[in-house]
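Visitor: based on what follows, work out the 3D shape:
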Amino acid sequence: MSNQTCQPWGECANACIQASQPSPGCFAACDAKYPAAEPTYDPIYACICASCSTECASMSPCAHGMDGGP
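Guide: Modelled structure (predicted):
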């Protein structure tokens, strides 16, 4: 969160997580708004997809980043 390129994306994604109904569209909007943070968020999505895709299904982590998603 101390990285100026990644911090805005992290804050946006955190707001998505805090929502009562986290949605893939919210995370996709953060990704689109902060494309310079992609080198950081791609590995996050890949890790979530590989490690907790069931628990994190509401954010659709496997539809993002390095796994061939948007």
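Visitor: now do the strands in this structure.
Guide: Shown for the chain, no strands are assigned by DSSP state E.
Visitor: center of it - which residue?
Guide: Centroid-nearest residue in the chain: Phe27, 5.1 Å away (criterion: C-alpha atoms, centre = their mean).
Visitor: residue contacts, it?
Guide: Shown in contact with Phe27 (C-beta atoms under 8 Å, 6 or more residues apart in numbering): Ala13, Cys16, Met59, Ser60, His64. The way it works is simple: take the backbone N, C-alpha and C, and place the C-beta from them, glycine included.
Visitor: please redo it, this time with the cut-off set to 6 Å
Guide: Taking C-beta atoms under 6 Å, 6 or more residues apart in numbering as the contact definition, Phe27 lies against Cys16, Met59.
Visitor: how near is it to Ser20?
Guide: Phe27 sits 15 Å away from Ser20, going by C-beta to C-beta, to the nearest Å.
Visitor: before we move on, what about Gln7?
Guide: Using C-beta to C-beta, Gln7 is found at 24 Å from Ser20.
Visitor: which of the two has more neighbours?
Guide: Comparing Gln7 with Ser20 by other C-beta atoms under 10 Å, the one with more neighbours is Gln7, at 14 against 4.
Visitor: check what pLDDT Gln7 gets.
Guide: Looking at Gln7, its pLDDT stands at 93.
Visitor: for His64, give me the pLDDT.
Guide: We note a pLDDT of 64 for His64 in this prediction.
Visitor: I should have written Pro35 there, sorry.
Guide: The score at Pro35 is 94. That number is its pLDDT.
Visitor: same question, the one 10 residues further on
Guide: We have a pLDDT of 84 for Tyr45.
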